[in-house]
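Novice: Structural data only, the sequence is not supplied:
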């Protein structure tokens, strides 16, 4: 495993310095007319362009990011002035936005972004999905409730559905505003039930308040003895390296209990830290220490640089220690059973793909999301690290910078199909961690050789609505971390001089 799977930026931006010194003309030639110096503040646009030109995975595919795009500093300034809105400016530099690049984004407050990666959010504690019915109806349904949240103290639980927020019916036209973009610190949800294939109000309202909460991604960890087999179960909802010791401890406890088979519940796991994913791969196995788990493919400039100077940087190997030096608790399994849905994404898929050449990986549930690329946070500083970031704003980018592949150079960019397909039944979600919960039961049946059962859902719902895990964007992400020391070794950004 590389020292931290953190990226460093190289010296390719020397190209920028070259054209910055080439502008101007013969001051004695009256035919040369210099355009006026821009009066607009384009420091954010400058940060965006230089960062995307430097390290964006699809840089070669975007003409406006070409290294030779601008013949002079004035041409560059004019380009920066072409769009006042940094969000629009950023989007215009993406390669086939929402078609090829569905994952790069920019924020205007990197504090919120950093908190999200650490599992910190302002929440009422309900993790929910949304579904549509009829011509315009939408309802939310509770997937799980966070411990120590306001919701955990109220009469609301997994499987409950709600149709109104503060008395307003949820519809296709307002559900994003009501459920995702409201800045209110408290709200009331009106509960309903599915009865005779219709949505029927229960008359129960639940008042909820939001507070700042840190989510432990290890939601459940337990074991069962079934048909003579010791089966472990871990529900893990986010790859958060601040909780690496917690997930390692959970594996250690299962190891002490003599677990011989493991069900990993990634059904709601949208991804997160690559470092953590690599560590968990070794918790599952342990017998492949030092062998290749992951390969990386960067943009043309970076790929050539790493291959020529540090080819080891493009490879991640199975480790036997966490990033903090603690020994990894390994189960040394030859098979793994993973529960998946369309919300299983990114770092979750990295584990699936990385382990496939080594052990028997069985997927139970639905096809995964399909995200085999990773991003990194870029700040407006000389080396794009947070240290020395521009104090005038808090914009930060999260551009895609690489694609991941397994030992055999394989991946499935469209998602991984399940070995046994079973959808969650909104009308009968079951209790997470119970052996009769439909997805876990299916995994246990696969392990023990029992007959596999399908739970047919009679009441169908449209699935074309945005999912809770996809808003905001950073919920579906696989990210790396900056290493300021390495950044400074390889890159010193040449800032645009706006006078």
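Specialist: Nice, thanks for sending it over. Predicted model, so just to flag it, every value in this text is computed and none were measured. Numbers count the residues shown, from 1 in each chain.

Novice: need the longest strand for this protein.
Specialist: strand 198-209 (DSSP state E).

Novice: Just checking: what are the partner strands of the next helix or strand after that one?
Specialist: Past strand 198-209, further along toward the C-terminus, the next helix or strand under DSSP states H and E is strand 211-214. Based on DSSP bridges, the pairing partners of strand 211-214 within the sheet are strand 120-123 (antiparallel).

Novice: which residues sit against the partner strand?
Specialist: 115, 146, 149, 185, 210-215 (Cβ atoms under 8 Å, 6 or more residues apart in numbering). All C-beta atoms are positioned from the backbone trio N, CA, C, and that covers glycine.

Novice: go with 6 Å
Specialist: Contact partners of strand 120-123, identified using Cβ atoms under 6 Å, 6 or more residues apart in numbering, comprise 210, 212-214.

Novice: So which bits of that strand are buried?
Specialist: Taking 16 or more other Cβ atoms under 10 Å as the basis for neighbour counts, the residues of strand 120-123 that come out buried are 120-121, 123.

Novice: and if you look at stretch 172-181?
Specialist: By neighbour count, and taking 16+ other Cβ under 10 Å as the criterion, the buried residues in stretch 172-181 are 175, 178-179.

Novice: any residues touching that stretch, and which ones?
Specialist: Contacts to stretch 172-181, defined as Cβ under 6 Å, 6+ apart, come from residues 136, 138, 165, 170, 471.

Novice: just these now: which is nearest residue 259?
Specialist: Nearest to residue 259 among the contacts of stretch 172-181, counting by Cβ to Cβ, is residue 471 at 35.8 Å.

Novice: where does that closest one land on pLDDT?
Specialist: We have a pLDDT of 45 for residue 471.

Novice: still on that earlier bit, now, which of the buried residues of stretch 172-181 lie within helices?
Specialist: Using DSSP state H to define helices, the subset of the buried residues of stretch 172-181 located there is 175, 178-179.

Novice: And the pLDDT for residue 420?
Specialist: Residue 420 carries a pLDDT score of 96 in this model.

Novice: Tell me the bridge partners for it.
Specialist: residue 364.

Novice: quick one: residue 353 and residue 405 touch, right?
Specialist: No: under the criterion of Cβ atoms under 6 Å, residue 353 lies out of contact with residue 405, with a separation of 7.6 Å.

Novice: more neighbours, the two?
Specialist: When neighbours are counted by other Cβ atoms under 10 Å, residue 353 comes out ahead of the other of residue 353 and residue 405, with 23 against 18.

Novice: Confirm the more buried one sits in a strand?
Specialist: No: when DSSP: H, G, I helix; E, B strand; the rest coil is applied, residue 353 is found to be helix, with no strand at that position.

Novice: hang on, the earlier thing: tell me, what's touching residue 353 and residue 405 both at once?
Specialist: Shared contacts of residue 353 and residue 405 (Cβ under 6 Å, 6+ apart): residue 411.

Novice: low pLDDT regions in the chain?
Specialist: Per-residue confidence of the chain (counting by pLDDT under 70) places the weak regions at 1-39, 453-499.

Novice: one more time with 80
Specialist: Within the chain, the set of residues satisfying pLDDT under 80 comprises 1-40, 113, 115-120, 181-183, 197, 452-499.

Novice: Okay, domains of it per the record?
Specialist: Here the chain is described, according to automatic domain parsing, as comprising the domains 6-103+485-490, 121-214, 218-456.

Novice: Out of these, flag the one nearest residue 110.
Specialist: Ranking the domains of the chain by proximity to residue 110 (Cβ to Cβ) places domain 218-456 first, at 3.7 Å.

Novice: where exactly do the helices run in this protein?
Specialist: Counting by DSSP H, the helices of the chain are 14-20, 43-55, 73-81, 86-91, 110-117, 175-179, 244-256, 274-284, 300-309, 347-355, 438-448, 484-490.

Novice: picking that back up, rebuild the contacts of strand 120-123 as a markdown table, extending it with distance to residue 233.
Specialist: Below are these laid out as a markdown table (distance: Cβ to Cβ, whole Å):
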| residue | distance to residue 233 |
| --- | --- |
| 210 | 30 |
| 212 | 30 |
| 213 | 24 |
| 214 | 23 |
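
Novice: which of these lies closest to residue 334?
Specialist: Top of the list for closeness to residue 334, among the contacts of strand 120-123 and by Cβ to Cβ, is residue 214 at 35.2 Å.

Novice: I'm done for today, thanks for sticking with me.
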